[in-house]
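Novice: Sequence first, then the predicted structure:
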Amino acid sequence: MQELQRTLISQPMSTTPLMGYTVPRPRDMAGELIQVNAFHDEMGRTVERWQFSEDDVRWYHVEKFVRKRVTVVVERGAPIT
């Protein structure tokens, strides 16, 4: 099971375009398409730029979480008899 989480952040200091990343195509309440672009920030994280209007631009840090079942092997010592 995968979960994509977006965290609102302040505007990064520098960004480079991210190719090969499928951005969402959301619409606002009026049905207008919201422009979304994907970038790498200065720390190499994936960020999205959502432009709701000329004045309303929001930046989100995107993380994907994956749940997996993990088995742990624990070594135990046994007394020598």
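Specialist: Sure thing, it's come through.
Novice: C-alpha only now, for contacts and for neighbours.
Specialist: Will do.
Novice: Pairing partners for the residue nearest the centre of the chain in the sheet, please.
Specialist: In the chain, the centroid-proximal residue (Cα atoms, centre = their mean) is residue 62; its distance is 1.2 Å. Beta-bridge pairing of residue 62 under DSSP bridges involves residue 6.
Novice: same thing with residue 51?
Specialist: What pairs with residue 51, by the bridge criterion (DSSP bridges), is residue 35, residue 57.
Novice: same thing with residue 41?
Specialist: Applying DSSP bridges, one finds that residue 41 bridges with residue 15.
Novice: could you measure it against residue 80, distance?
Specialist: Note on residue 41: its distance to residue 80, by Cα to Cα, to the nearest Å, is 57 Å.
Novice: Residues touching the lowest-mean-pLDDT helix or strand in the chain, excluding its own?
Specialist: Lowest by mean pLDDT, DSSP states H and E among the helices and strands of the chain is strand 2-9, with a mean of 89. Residues external to strand 2-9 that are found in contact with it (Cα atoms under 8 Å, 6 or more residues apart in numbering): 58, 59, 60, 61, 62, 63, 64, 65, 66, 67.
Novice: 7 Å instead, please
Specialist: Contacts to strand 2-9, defined as Cα atoms under 7 Å, 6 or more residues apart in numbering, come from residues 59, 60, 61, 62, 63, 64, 65, 66, 67.
Novice: Could you report the neighbour count for the first one?
Specialist: What it means is residue 59. Residues within reach of residue 59, counting by other Cα atoms under 10 Å, total 20.
Novice: need the contact list for it.
Specialist: 8, 9, 10, 11, 47, 48, 49, 50.
Novice: most neighbours, which of these?
Specialist: Highest neighbour count within the contacts of residue 59, by other Cα under 10 Å: residue 47, with 26 neighbours.
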